[in-house]
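A.B. asks: show me how the following folds:
(one chain, ligands or ions: 1)
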Amino acid sequence: MVSMESKISQIYQTPIGKDVLSKLFMTLNLNEKILNRFPISHLKLKHISRHLGKGLPETLLELVNSEQETIKDSDSISPKWWKEAVFYQIYPKSFCDFDGDGIGDIKGIISKLDYLKDLGIDCLWLSPIYDSPNDDNGYDIRDYRKIMAEMGDMDDFKSLLEECHARGMRLIMDLVVNHTSDEHEWYQKALSGDKKYMDYYIFRDKPNNWKSFFSGSAWKYEEELGKYVLHSFSKKQMDLNWENPEVRKEVIDIVRFYHEMGVDGFRLDVINLISKKEGLPDGNETVGKLMQFTGIEQYFYGPRLHEFLRELRAEGFAPYNAFAVGETPGVGIEMGRYLTHESRKELDLIFNFDHLETPGHARFDEYHYDLNFLKDIFYRYNDSMGNGDWRALFFENHDNPRMVSKVMKDRKYRNVLAKMLLGILFTVKGSPFIYQGQEMASMNLPFQDMSQIRDIESLNKYQELLESGMEENKAFQVIMAGTRDHARGLINWDDTEHANAWIDDFTLHDGYSAKAQLETPGSVLRFFKKMTAFRRLHPELIYGEMIPLAREKKDVMLFRRKWQGSSLLVEINLTDKRQPRQIQKRKVRMSNYKNREERDLKPYEFTIYEEKRRKLR
Ligand code: ISL
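C.D. replies: Numbering: from 1, shown residues only. Next up, the predicted model:
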């Protein structure tokens, strides 16, 4: 246990203390190494508490002391299909519109299963396809057991599932159970004053200072009831009360319904937010300013989170041997181990967001992403992984701008950079999660003005910026830096115009349609296919130890992957400038450049060399 008498270095040595202080220093763009150096390391928490703002030291201590267990690691790595799989996330609304109504649908996904199988995809993850008013494009669920009419019906979904399995692919769905739509029958009954259903949600007589992830207060006043109700996201996404065992049972019934159908598991939306601190205490204003969401420390890793996850797994997932990956914004590397180490029997994987923005930057900041930071974070994550740990590797999803656009300064490097980024996901230790379009080097979209923006988060943020006095052009530039709509553009299959689509179309005739990429030698898509095939043939890239080399050398990333007598070396130029080649006279197995230079790595060069090959007996 730590206390106000504890030194900073003692707090930093605890798992949660390391995560919280690391997150704080990354946000402030400070070098966290000073936490282990005199004089900071010897300062006691009580010496600095008055500088941290009211309540922060106590919150820090509570969080750090909440994890008293130590994780006992496993003796060896247990083989699992999801450790070997290449995952592919589909955002159905933008993926493929089969019936021509301008909205992607399930029949459209079925029509692309052979394409996905040919890419080397093992498991699909569908963003929500349940009945929804689409205030947040399906992340506001109105009926968990009904398919959104615009996308098809339950028979279509069962066909999709069957067709996936027939091709040896798996399918996981997206489960949004931190909140429901305000049009869900549970909430409608609550609004009518039904006490049972009022206790499914979080009603209070007065609001606290928590902020919504989608701008403004996280509380909405409901006239009918004369009460405030919590909504961590949009005003139409009402937080469920997980303290209520009835709610937890409803969620277990929902996942069992789909697991009975043969669904292979779920991605669990913001699942780390479900346990709110008792009494819903105000958030610390300092943390609120830093993390941009006042109150987040009161619920991002709440007191009963592990208990709720163990119950959900034991009753909803384990009986079906189903897979669970949690989306856990704000959770650090050590916290992630407590959620996913196999001894914990909670989640199999989480999406950790630590690498998505470089220190001192947030998603809506305009800046060039320095891949040296990615190397640092990926190696730190690797250092923390024991035999019983695993990790999800990703750069993109439906909530973030395209990684190629975050890194690239000059478009001439689009192809080699896109290939290099894919190469990292396929050679670093962990399971790669690819987002639709990444296989075609998709980039951010050239929206001209706010009339083309659909995302509720962006629309709310734009209004908030205007109300803060920012002039329209500047506010639009801020939205353009981070809008989730960059990832929600329509997939360009063959340059066919999309009639009356829900979002404007920007990528036609740019040579990056799936058809063009399939037909073009040396295309990003063809490189993608080669890499998935190569990874499948090399277990050292799956279960093999990952050993960083020349770790302190800036602008390059070099590591070994070794397994049962075979080993590969991976060498990456993290910049658009030439860098001295470290590896000489080794057989090249894969590269994003056909003709390489003897002495130097070319800009964004990614090369795999053979080091040792086990002699097959
Ligand atoms: O994207 C993020 C970090 O880069 C977060 O701001 C993100 O919005 C947050 O992690 C929650 O995302 C999930 O829940 C939201 C939904 O809008 C997102 O699409 C979903 O991924 C509410 O359900």
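
A.B. asks: what is the burial count for Ala318?
C.D. replies: For Ala318, the count of nearby residues is 13 (other Cβ atoms under 10 Å). C-beta: built from backbone N, CA, C; applies to glycine.

A.B. asks: offset the numbering so it begins at 3, please.
C.D. replies: Yes, from this point I'll number from 3; that puts the last item at Ala320.

A.B. asks: contacts only, for it.
C.D. replies: Lys347 (Cβ atoms under 8 Å, 6 or more residues apart in numbering).

A.B. asks: any idea how far Lys74 is from the nearest residue to Asp75 once chain neighbours are set aside?
C.D. replies: Counting by Cβ to Cβ, 6 or more residues apart in numbering, the nearest residue to Asp75 once its immediate chain neighbours are dropped is Gly388, at 3.7 Å. Using Cβ to Cβ, to the nearest Å, Gly388 is found at 9 Å from Lys74.

A.B. asks: now the strands for the stretch 153-302 of the chain?
C.D. replies: Under the criterion DSSP state E, counting those that start in this stretch, strands of the stretch 153-302 of the chain are mapped to 172-177, 181-183, 205-206, 221-224, 229-232, 239-241, 267-270.

A.B. asks: list the buried ones in stretch 531-551?
C.D. replies: Buried residues in stretch 531-551, counted by 16 or more other Cβ atoms under 10 Å: 531, 533-534, 536-537, 540, 542-546, 548.

A.B. asks: one step back: pick the most buried one from the strands of the stretch 153-302 of the chain.
C.D. replies: strand 181-183 (a mean of 27; mean count of other Cβ atoms under 10 Å).

A.B. asks: near the ligand, which residues of the chain are found?
C.D. replies: Selection of the chain residues close to the ligand by Cβ under 6 Å from any ligand atom yields 138, 141, 178, 215, 235, 271-272, 329, 331, 355, 358, 365, 400-402.

A.B. asks: now distance to Leu37 and mean pLDDT too, for the strands of the stretch 153-302 of the chain, in TSV please.
C.D. replies: Formatted as TSV, these follow (distance: least, Cβ to Cβ, whole Å; pLDDT from 0 to 100):
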stretch	distance to Leu37	mean pLDDT
strand 172-177	37	98
strand 181-183	36	99
strand 205-206	37	98
strand 221-224	36	98
strand 229-232	34	98
strand 239-241	34	98
strand 267-270	32	98
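
A.B. asks: Three-state assignment for the residue of the stretch 3-152 of the chain found nearest the ligand, please.
C.D. replies: Across the stretch 3-152 of the chain, no residue is closer to the ligand than Tyr141, which sits at 3.5 Å (Cβ to the nearest ligand atom). Recorded secondary structure, Tyr141: coil (DSSP: H, G, I helix; E, B strand; the rest coil).

A.B. asks: isn't there a helix covering Ser96?
C.D. replies: Yes. According to three-state DSSP, Ser96 belongs to a helix.

A.B. asks: residues touching the residue nearest the centre of the chain, list them.
C.D. replies: The C-alpha lying nearest the average C-alpha coordinate of the chain belongs to Phe353 (Cα atoms, centre = their mean; 4.4 Å). By Cβ under 8 Å, 6+ apart, the contact list for Phe353 reads 327-330, 394, 396, 399, 435.

A.B. asks: burial measure for whichever residue of the stretch 403-552 of the chain sits closest to the ligand, as a count.
C.D. replies: When scored by Cβ to the nearest ligand atom, the stretch 403-552 of the chain has Glu459 as its residue closest to the ligand, at 6.4 Å. By the criterion of other Cβ under 10 Å, Glu459 has 23 neighbours.

A.B. asks: can you check the pLDDT for it?
C.D. replies: Reported pLDDT at Glu459 in the predicted model: 98.

A.B. asks: setting the sequence-adjacent residues aside, check what's closest to it.
C.D. replies: Nearest one to Glu459, counting by Cβ to Cβ, 6+ apart, is Phe216 at 5.0 Å.

A.B. asks: so for the one you found, what pLDDT did the model give?
C.D. replies: Value for Phe216, per-residue pLDDT: 98.

A.B. asks: identify the residues contacting it.
C.D. replies: Listed by Cβ under 8 Å, 6+ apart, the contact partners of Phe216 are 138, 235-236, 458-459, 462-463.

A.B. asks: how about a cut-off of 10 Å?
C.D. replies: 137-138, 233-237, 239, 295, 457-463, 466 (Cβ atoms under 10 Å, 6 or more residues apart in numbering).

A.B. asks: select only the buried ones of those in PyMOL?
C.D. replies: Of these, the buried ones go into a single PyMOL selection, burial set by 16+ other Cβ under 10 Å:
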select buried, resi 137+138+233+234+235+236+237+239+295+457+458+459+460+461+462+463
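
A.B. asks: one step back: ramachandran angles for the residue nearest to Asp75?
C.D. replies: Main-chain dihedrals, Gly388, degrees, to the nearest 10: phi -100, psi -170.

A.B. asks: quick one: it and Lys251, what's the gap?
C.D. replies: Counting by Cβ to Cβ - Gly388 and Lys251 are separated by 34 Å.

A.B. asks: likewise for Lys208?
C.D. replies: 30 Å.

A.B. asks: more neighbours: these two, which one.
C.D. replies: More crowded of Lys208 and Lys251, by other Cβ under 10 Å: Lys251, with 13 against 8.

A.B. asks: hang on, the more buried one packs against Trp244?
C.D. replies: No. In this structure Lys251 lies outside contact range of Trp244 using Cβ atoms under 10 Å: 11.1 Å.

A.B. asks: find the closest residue to the ligand in the stretch 353-502 of the chain.
C.D. replies: Asp401 (3.2 Å).

A.B. asks: what is the burial count for the nearest residue to that residue once chain neighbours are set aside?
C.D. replies: Closest residue in space to Asp401, ignoring its immediate chain neighbours: Arg486 at 4.9 Å, by Cβ to Cβ, 6+ apart. Neighbourhood size, Arg486 [other Cβ under 10 Å]: 21.

A.B. asks: what do you get for Glu613?
C.D. replies: Residues near Glu613, counting by other Cβ under 10 Å, number 17.

A.B. asks: now do the strand or helix carrying it: distance to the chain's middle.
C.D. replies: Using DSSP states H and E, Glu613 sits in strand 608-614. Strand 608-614 sits 29 Å away from the centroid of its parent chain (Cα atoms, centre = their mean, to the nearest Å).

A.B. asks: in its sheet, what does it sit against?
C.D. replies: strand 568-575 (antiparallel), strand 589-593 (antiparallel) (DSSP bridges).
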